[in-house]
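Enquirer: what follows is a predicted protein model with its sequence.
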Amino acid sequence: MIRFLVDFALRNRMLVLALGGGLLIWGIISFHDLPVEAYPDVADKYVWVITQWPGRAAEEVEQQVTIPIETQMNGLGHLTHLRSTSLAGLSFITAIFDDDSENLQNRQLVLEKLTLVNLPPGLNPQIGPDFSPAGQIYFYTLQSTNPKYDIMDLKALQDWVVFKHLMSVPNVAAVSIFGGETREYQVQVDPDKLVAYGLSIAQVEQALAANNLNGGGSFIEQGQQAYNIRAVGLMQTTDDVGATVLKVQNGTPVRVRDVAIVTQGPKIRLGRLGKAIRHEDGKVVDNDDVVEGIIQMRKGAEAESVLRNIDVKVDFLNKHVLPPGVKIVPHIDRDDLVHLTTHTVLHNLTEGILLVVLVLFFFLGNVRSALLVAATIPFSLFFASILLDLSHIPANLLSLGALDFGMIVDGAVVMIENIVRRLANHQRGAIEETIRAAAHEVQRPVFYAIAIIIISYLPIFTLQRVEGRLFKPMAWTVAFALLGALFFSILLAPVLASFVFRKGVKEWHNAVMSWITVHYQQTLEWLMARRMVALACLVVILGATLYLGISGVIGSEFLPHLDEGSIWARGTLSPSTGPTEGQRIMDQARLIFASFPEVTQVVSQVGRSDDGTDATGFFNTEYFVDLKPRDQWRPQFHGRKERLIEAMDKEVEKIPGVTWGFSQPIADNMEEAVSGVKGELAVKIFGSDLKDLEQKG
């Protein structure tokens with residue numbers, strides 16, 4: 001079969017060249033359109049169930065909300081396990097499914113189960129947005145230089161203007177809003193006046209609800225027109241609220257304003273956000289109360305196109321929708337990391353190709369031979385892009401970085417080197433026949449060598465969950481590239497050689513290779529005469545390798561480190577910490593981080609957002625620390641982020657009662673999604689006695 005393919009290619013050279021050219025053009029287009037991820041999405045398929053019950057203790061939330069929902073969720077198809085967190089006023093449940101399930105079907109099944117749950121009146125459990133932890137692609141703050149807009153006005157703009165525009169961007173799953181004061185109408189009741197008028201809080205609530213409605217009627221016909229009838233009763237101002245009648249006493253109406261003060265004020269806050277910007281001159285501009293939005297991309301969507309649409313929408317909002325002086329200012333834009341990743345990959349690929357060409361030229365001694373072999377690299381890369389695009393597998397830094405150019409050009413080196421060797425000794429006959437004979441000599445070794453390498457990646461395809469989602473794209477990329485290299489080596493290389501070497505070729509005498517060959521023969525003869533010595537050396541090397549791998553002397557890591565160019569710090573306080581103390585700690589730590597010359601800005605948060613998508617409280621403070629390029633750091637850190645983190649940790653450790661941890665924005669989300677714990681390393685202790693577990697912990 002292989003012989004037939006080689007003969008067919010050499011008999012139909014123009015057809016094979018046209019096929020190769022078509023694949024090359026297709027591959028270039030696919031490579032251009034191929035989505036590139038900065039970080040592979042390794043999170044499980046999951047569904048959040050969020051229930052907010054303001055004012056209730058965590059124990060009540062656990063008993064009356066969390067446990068009933070968990071009971072109904074047990075038994076769902078493809079469910080692997082449940083995780084839940086019960087806090088004061090919030091129940092947060094994560095249902096995790098296996099890889100064989102469909103994400104949309106999982107969400108539908110959870111919704112069906114929620115209809116069967118018996119909860120206290122007024123509670124409405126909701127499922128979280130359909131996004132992945134790697135899908136938080138755009139963080140921004142709403143900033144104002146217009147004195148007419150305070151923090152409450154900015155929050156209103158965020159809720160009623162910015163939110164709906166950003167949600168119109170295709171493949172945006174949700175926009176989570178954090179910080180700011182939510183405006184609400186507040187009725188501040190005077191208890192003494194209630195008693196004096198013989199009223200209760202329940203009567204006030206009932207009267208307000210009953211008088212804040214529109215009434216609908218039918219229609220009346222007048223002439224040729226029909227007029228719809230309605231009664232407008234919705235309250236518009238605080239005066240409308242205050243004019244609500246509670247009762248009539250001795251013919252005099254008792255209104256809300258008689259027993260209470262009606263005003264506009266901020267809703268009880270569950271979290272707060274601050275931002276500090278460090279300028280080049282070292283001046284730090286700090287704002288302890290800002291409004292933030294987090295745009296979450298739908299799971300499975302292409303980040304590059306979504307970010308492009310977000311940029312267009314943000315530009316439109318800034319120029320045409322938002323009031324003068326109010327702007328959307330991003331502080332985390334995944335587009336920057338994607339571009340950096342793409343630049344890194346292309347830079348490494350270019351350097352690798354040039355290095356391979358130089359090495360090939362040195363050992364082959366022929367420019368034409370070296371260029372022919374080196375052509376395998378771009379062809380294989382573009383061939384892999386075609387199959388990745390057809391398989392809907394995005395590229396990432398890990399998968400593209402796993403491409404071994406030496407492995408890819410291996411078959412072409414053998415094929416071209418043998419063709420050059422045969423042509424150098426060519427005496428008579430057609431050049432094509434010599435190339436055909438040379439190709440037949442090595443076609444089977446080339447085919448089986450590349451096939452064996454591809455087969456060696458088969459165990460990776462059996463990996464499951466996090467490991468599978470992390471390494472399968474890499475294995476597919478390498479396998480597709482090797483298939484392209486196989487096609488090039490068996491079919492294209494002989495055809496191209498028939499054109500490039502149509503006038504023959506002279507083999508170059510490589511003195512270095514001759515020296516290596518002679519010493520290799522001498523060493524081999526010496527070892528063959530002393531086989532036990534060779535075997536003993538092999539055993540020693542194998543033992544040393546096993547020792548280094550098992551003992552942990554050289555260390556190991558599950559995933560290569562991806563520098564996101566920033567730091568995500570977390571300060572954990574006592575669980576009973578209140579909002580005032582949490583804010584004080586947050587403000588103090590934010591200014592400490594901003595005092596480092598390597599930092600450009602710090603965005604800090606304490607507590608949680610109003611939508612309940614982050615199950616935490618005032619005991620949790622988080623900090624996004626944006627950094628300058630490493631070449632602008634002080635010499636004492638030697639461009640190493642670990643040393644900078646050590647210096648920051650040393651400073652913030654001076655704040656008593658806080659436990660500190662450092663990570664990166666995407667990595668932090670991934671670690672929390674995979675383990676359910678806010679940290680890189682966690683130990684979970686299970687048991688039935690909570691006090692015993694606390695003591696052991």
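Expert: All right, it came through fine.
Enquirer: can you give me the distance of the residue lying closest to Arg630 once chain neighbours are set aside to Thr434?
Expert: Excluding the flanking residues, the one nearest Arg630 by CB to CB, 6 or more residues apart in numbering is Gly639, at 4.1 Å. Using the backbone N, CA and C atoms, a C-beta is placed for each residue, glycine as well. Computed as CB to CB, to the nearest Å, the Gly639 to Thr434 distance reads 55 Å.
Enquirer: got it, and Glu694?
Expert: Glu694 is 81 Å from Thr434, by CB to CB.
Enquirer: compare the two (neighbour count), which wins?
Expert: Neighbour totals were compared for Glu694 and Thr434, and Thr434 leads with 21 against 9 (other CB atoms under 10 Å).
Enquirer: where's the more buried one, which helix or strand?
Expert: Assigned by DSSP states H and E, Thr434 falls within helix 431-455.
Enquirer: and what of Asn348?
Expert: In this assignment (DSSP H and E), Asn348 forms part of helix 334-364.
Enquirer: quick check: buried residues in the very next helix or strand once past that helix?
Expert: Downstream of helix 334-364, the next assigned helix or strand under DSSP H and E is helix 367-374. Under the neighbour-count criterion of 16 or more other CB atoms under 10 Å, helix 367-374 has 368-374 buried.
Enquirer: with distance to Val245 and pLDDT added, can I get the residues you listed in CSV?
Expert: Below are these laid out as CSV (distance: CB to CB, whole Å; pLDDT from 0 to 100):
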residue, distance to Val245, pLDDT
Arg368, 98, 77
Ser369, 98, 78
Ala370, 94, 78
Leu371, 92, 80
Leu372, 93, 82
Val373, 92, 82
Ala374, 88, 81
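Enquirer: show me the contacts for Gln358.
Expert: Quick fix: residue 358 is Leu, not Gln. Under the criterion of CB atoms under 8 Å, 6 or more residues apart in numbering, Leu358 has no neighbours.
Enquirer: which strand is the longest one in the protein?
Expert: strand 131-144 (DSSP state E).
Enquirer: quick one: strands adjacent to that strand?
Expert: strand 291-298 (antiparallel), strand 326-333 (antiparallel) (DSSP bridges).
Enquirer: picking that back up, which one of the buried residues of helix 367-374 sits closest to Val409?
Expert: Val373 (5.3 Å; CB to CB).
Enquirer: quick one: that closest one from Arg421, how far?
Expert: According to CB to CB, Val373 stands 14 Å off from Arg421.
Enquirer: repeat for Ser84
Expert: 69 Å.
Enquirer: and what of Gly687?
Expert: Taking CB to CB, one finds Gly687 at 72 Å from Arg421.
Enquirer: looking at these two, which is more packed in?
Expert: Arg421 (13 against 8).
Enquirer: quick one: that one is in a strand?
Expert: No - checked against DSSP: H, G, I helix; E, B strand; the rest coil, Arg421 lies outside a strand; its state is helix.
Enquirer: so it sits against Ala438, correct?
Expert: Yes - the criterion here is CB atoms under 8 Å, and Arg421 meets it with Ala438 at 7.4 Å.
Enquirer: where does the protein dip in pLDDT?
Expert: 38-39, 364-365, 426-429, 504-508, 510, 552-561, 673-681, 697 (pLDDT under 70).
Enquirer: tell me the domain ranges of it?
Expert: 2-33+365-508, 184-266, 513-556, 566-696 (automatic domain parsing).
Enquirer: tell me which of those domains sits nearest to Tyr140.
Expert: Between those, domain 566-696 lies closest to Tyr140; by CB to CB that is 9.9 Å.
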